[in-house]
Structures are given as C-alpha cells and as structure tokens.
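Enquirer: Make a model of this:
(4 chains)
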Amino acid sequence: MITVLLFAQLQESTGKEKIEVEASNISVLELKEKLKTIYKLPQIDHVMTAVNEEYAFPDDILFSGDVVALIPPVSGG
Amino acid sequence: MITVLLFAQLQESTGKEKIEVEASNISVLELKEKLKTIYKLPQIDHVMTAVNEEYAFPDDILFSGDVVALIPPVSGG
Amino acid sequence: MDKVMFNIVDEPIQIEELIEKVTRREAGAITTFLGTVREWTKGRRTLYLEYQAYKPMAVKMLSQIGKEINEKWENTEVAITHRIGRLYISEVAVAIVVSSPHRKAAYEANEYAIERIKEIVPIWKKEHWEDGETWIGDQLEKVPYPHGELSVFAKEDLE
Amino acid sequence: MDKVMFNIVDEPIQIEELIEKVTRREAGAITTFLGTVREWTKGRRTLYLEYQAYKPMAVKMLSQIGKEINEKWENTEVAITHRIGRLYISEVAVAIVVSSPHRKAAYEANEYAIERIKEIVPIWKKEHWEDGETWIGDQLEKVPYPHGELSVFAKEDLE
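Expert: Numbers count the residues shown, from 1 in each chain, chains lettered A, B, ... in the order given. So this is what the prediction gives:
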C-alpha cells in the first residue's frame, strides 16, 4: 500500500487529501500514470513528486509503506 | 561672527564643541586654514565642511551668522 | 541549538522574536525580509490569500535552504518562519532573518533564501480576488519550475 | 505624512514600530537591515561603541537618502533610525526598513541606504577596544571619502 498526499488544486479537483493505492515496486512515473487515469488529472504531468518528504525522480521505485506527495508548482513566499 | 561646530576627534583634540570666529566674507578654505593654525589641527585638511547643515565646497563664501560644521570622515551604520 | 529556526505557523509571525534567534556577538549585520499580502496585482484586487503547506516537508526544505546558505556564506545564521491559513492585506506571510559578521553576506543570503523558498518549499497560495479565485502556480503566466525540474536537487551554483 | 521616517535616537530602536511605518497595502516586500555591534574586528575585541551625531544635519541627510531612493526605485517607502550614545555588543546601532511592491527593489534600496549612510550622514563612532580606543574614520586603514569629496553631492548613479 502506497499513501498519496494531495495538495492545493489537486486536493480540490479530486476532493481528497489522501489516496491509498494498492501497489508496490512501481516507479513514480507509473504511479502518476495510474492516478492520472483513475482521477482524471491531466495536470499531473506538471506536478513534482516527493517520496517520504524528499523530492523524487520519475524513475524512483516505490514500495509499500511509502508516502508519496504530489507537489504542484509551489507558490510560497 | 561665524559659529564652528566640532565633532568626534576634533572635539577631543580641541576640547571644544563650538568655536566662535570673528569673521565674515571668507571662504570655507580660508576659515579652515585659520583654525588649523590657531588650534593646531593638521587633520583639518581631511575634514569636510557643512554650512548651515549642507555640505559645502572649499570656495563657498561664509558670512556672519553662518553655522559651519567640521565633518571628519563619517562612520555611522 | 534548541531554538526552532525553521517553522510553519498559523498565527501572526513575531518579528522581534525571530530576529532574537539569529542575534549573536559575532554578527554585525542582520537582514530581514517580510513577504506581505499585497492588495493589487496587475490591476486585479486581492481580498485575502489562503496558504497551504505540506508541513513536515516544508520545514525540512526550509532547513535545507538554511544549510545551503551556511555552505555558501561563511558564518551566517538563518531563521525562517512561514505562516499558513488565511491572510489579509498587509499581513506577513513569510519572514526570513539572516545574521552575519558583514552586511554583504546578510543581504545576499537573505535574497537567496526567498528565491529558494519559491522554488522548493511545498507551500501553495490561493488568491482570493475580488472577482474569483486561483491557486497560484496554476496560472498560465507562471511557468512551472522555471529552472527545470531538477533545480530542487541542486544545492550549488543556483544564483 | 506625519510619521517620523528619519530619526536619531538615544534609546534602543523598536524594530516592529519602524516596520509599521512603511507597511502599506501596495507593499508585497519589506526589507530590514540592522547594524549591530560586533564583538571582534580583525582579532581585536570591542567592549562597546560610542556614537555621536550632528543631529539636525544627520536627520536631513537620512531624509535625503530617502528621497534618493524614492527617485531610483519606484513606489518605495523608507524609514531609518540611527541610535547614538553608548552601545554594547549585539545592540542595534542603525535600522533601515524599505517597503516596495516587489522584493528586488526592497533589497536593492535597502543596501543602497546603508552604503549612503556610511558616506554622507554626519555620525561618528568611537570603538572602545579591550586595549584602547579609536574614532573610526581616523584610522589609517580607512581612506577618507572613498568616492572622492564630491560624492556627498551626487544624488545619482552612485552604485
């Protein structure tokens, strides 16, 4: 099980703060493709990903227990 | 009568905060030469001058009633 | 050090308290940057902003920025607090303080911090305009990741 | 405006109060510079500093710096307070605050202010070292008027 955290516009467009995905041993990119189809999130291509609070590369492999955060373009400050 | 204000090291080396000089219609440079001799202030050559709270040029002419300040290199901040 | 140097809060930021955190006998210069809520942007009126953060990671990224600064500018000390929640006009959203023996580093490091915050810290702002609302970063005029996706990893040579 | 934007005081500077003076609805950025008393300078220990000012002219020059900034950076607001008298380690000698719609101008204008203060404002500092005392500016390592005597008149193109 992989936990996916959603923020900002992604949280609003899905109506969810958190999604649990039954998967392991898949890449960040594969996870994003999966979410894109299921939740109709075309903008996910422009979204960065953090795994366990660190920015991750598209090819990084995810395992059960990982916490993935989808990070749309940030606008703090 | 021209009033001369002294600050910092000039105040200490003369022991005065203020000097009244009986003069009028002399240049800033002439006043400085006068003070240099009377008060033994060789460093006065490196000192800027303000007349009535505005920086002045050596050739500016002073009149009775003017307030002249001798401004050694500043070090605020 | 047991002072909290990097923080996300949902109450007004106490500036003097933040300055206190970086004050020390070696410092001759302390710079502060406050990002405040501006009323007008390109002719459009803001009523208030709503900030959201991925809090634990945001704190981590703020402290990474602090480390980057310590590596780039010798003998600097940095504290950053970002506020989240609803903020009205003129309220302070972010406060950055940097102390250093000399002023040049204090200015440069401070400006570096705000640039990096806008690149890597997971905080989002929703503008509530007089005539609508938008998540900033969602807008067409803002290119996502201006420095390329990888800039979030690069700790050096970013200026 | 009846707020005192440029001031010489002989009591501790209230930072929040100063920030208050430049806070306004058009501002999105407020920078603050604090010049603090540093303990060590080139291996020499300072015990305290003594600042003296030609007060009316110093206030005039601070306000001239404010005008220069308003001319160079659009829509900026500046407040500067310099403290005089005896100051101990870590105490704030000068505080400069600048507000602006955008951050770049707020940083640049702030740095410009401290550079100009060191050039034209009639304030002097005497270092009381562990092993002696000196009026700064009187020392050999400091060239008087680095920009030439006339720089005090030049209001433009000084960066």
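
Enquirer: what phi and what psi does the backbone show at residue 69?
Expert: With no chain named, the answer covers chain A. With angles defined as degrees, to the nearest 10, residue A:69 sits at phi -120, psi 130.

Enquirer: go on, residue C:4?
Expert: Torsion angles, degrees, to the nearest 10, at residue C:4: phi -80, psi 110.

Enquirer: Count the residues that sit near the closest residue to chain B within chain C.
Expert: Residue nearest to chain B within chain C (Cβ to the nearest Cβ): residue C:103, separated by 8.5 Å. In this view, the C-beta of every residue, glycine as well, is placed from N, C-alpha and C. Look at residue C:103: counted by other Cβ atoms under 10 Å in any protein chain shown, it has 21 neighbours.

Enquirer: And for the closest residue to it other than its chain neighbours, the neighbour number?
Expert: Distances taken as Cβ to Cβ, 6 or more residues apart in numbering or on different chains place residue C:29 nearest to residue C:103, at 3.9 Å, with adjacent residues excluded. Residues near residue C:29, counting by other Cβ under 10 Å, number 22.

Enquirer: Equivalent analysis for the one 3 residues further on, please.
Expert: With neighbours defined by other Cβ under 10 Å, the count for residue C:32 comes to 26.

Enquirer: looking at this, it is in a strand?
Expert: Yes: membership of residue C:32 in a strand is supported by DSSP: H, G, I helix; E, B strand; the rest coil.

Enquirer: So in terms of bridging, what pairs with it?
Expert: residue C:97, residue D:32 (DSSP bridges).

Enquirer: In contact with it, which residues?
Expert: Shown in contact with residue C:32 (Cβ atoms under 8 Å, 6 or more residues apart in numbering or on different chains): C:15, C:18-19, C:95-97, C:110, D:30-34.

Enquirer: Apply 10 Å and report the result again.
Expert: C:15, C:18-19, C:22, C:79, C:95-99, C:106, C:110, D:15, D:19, D:30-34, D:95, D:97, D:110 (Cβ atoms under 10 Å, 6 or more residues apart in numbering or on different chains).

Enquirer: try residue A:52
Expert: For residue A:52, the contact set (Cβ under 10 Å, 6+ apart) comprises A:62, A:65-69, C:56-57.

Enquirer: phi, psi of it?
Expert: According to degrees, to the nearest 10, residue A:52 has phi 50, psi 50.

Enquirer: And for residue C:102?
Expert: phi -120, psi 150.

Enquirer: quick one: it from chain A, how far?
Expert: Between residue C:102 and chain A the computed distance is 25 Å (Cβ to the nearest Cβ, to the nearest Å).

Enquirer: Surely that residue touches residue C:30?
Expert: No: in this structure, residue C:102 is not within contact of residue C:30 by Cβ atoms under 10 Å, at 11.6 Å.

Enquirer: And the next helix or strand past the lengthiest helix in chain A?
Expert: Using DSSP state H to define each element, chain A has its longest helix at helix A:28-39. Using DSSP states H and E, the helix or strand that follows helix A:28-39 in sequence is strand A:48-51.

Enquirer: Note down every partner strand of the following helix or strand past that following strand and its orientation.
Expert: Once the chain leaves strand A:48-51, the next helix or strand it forms, by DSSP H and E, is strand A:54-55. Partner strands and pairing direction for strand A:54-55 (DSSP bridges) are strand A:48-51 (antiparallel).

Enquirer: Spell out which parts of chain A neighbour chain C.
Expert: By Cβ under 10 Å from any Cβ of the partner chain, the residues of chain A that approach chain C are A:5-12, A:43, A:45-48, A:50, A:52-58, A:67, A:69-77.

Enquirer: From those residues, list the buried ones, please.
Expert: A:5-11, A:47-48, A:50, A:55-56, A:67, A:69-77 (16 or more other Cβ atoms under 10 Å in any protein chain shown).

Enquirer: Need the pLDDT of residue A:14.
Expert: At residue A:14, the predicted lDDT confidence score is 95.

Enquirer: what's the answer for the one 10 residues further on, then?
Expert: Confidence at residue A:24, expressed as pLDDT, is 96.

Enquirer: Find the nearest non-adjacent residue to it, please.
Expert: residue A:64 is the one closest to residue A:24 (Cβ to Cβ, 6+ apart), at 4.1 Å.

Enquirer: tell me the SS of that neighbour?
Expert: Assigned with three-state DSSP, residue A:64 falls in the coil class.

Enquirer: Show the contacting residues for it.
Expert: Neighbour list for residue A:64: A:1-3, A:21-25 [criterion: Cβ under 10 Å, 6+ apart].

Enquirer: go with 8 Å
Expert: The neighbourhood of residue A:64, defined by Cβ under 8 Å, 6+ apart, consists of A:1-2, A:23-24.

Enquirer: which one of the residues you listed is nearest residue C:42?
Expert: Top of the list for closeness to residue C:42, among these and by Cβ to Cβ, is residue A:2 at 40.4 Å.

Enquirer: Tell me how far the closest one lies from chain C.
Expert: 16 Å.

Enquirer: repeat for residue A:27
Expert: According to Cβ to the nearest Cβ, residue A:27 and chain C sit 15 Å apart.

Enquirer: Of residue C:102 and residue C:30, which one has the most company?
Expert: Taking neighbours as other Cβ under 10 Å, residue C:102 and residue C:30 compare with residue C:30 leading, 26 against 15.
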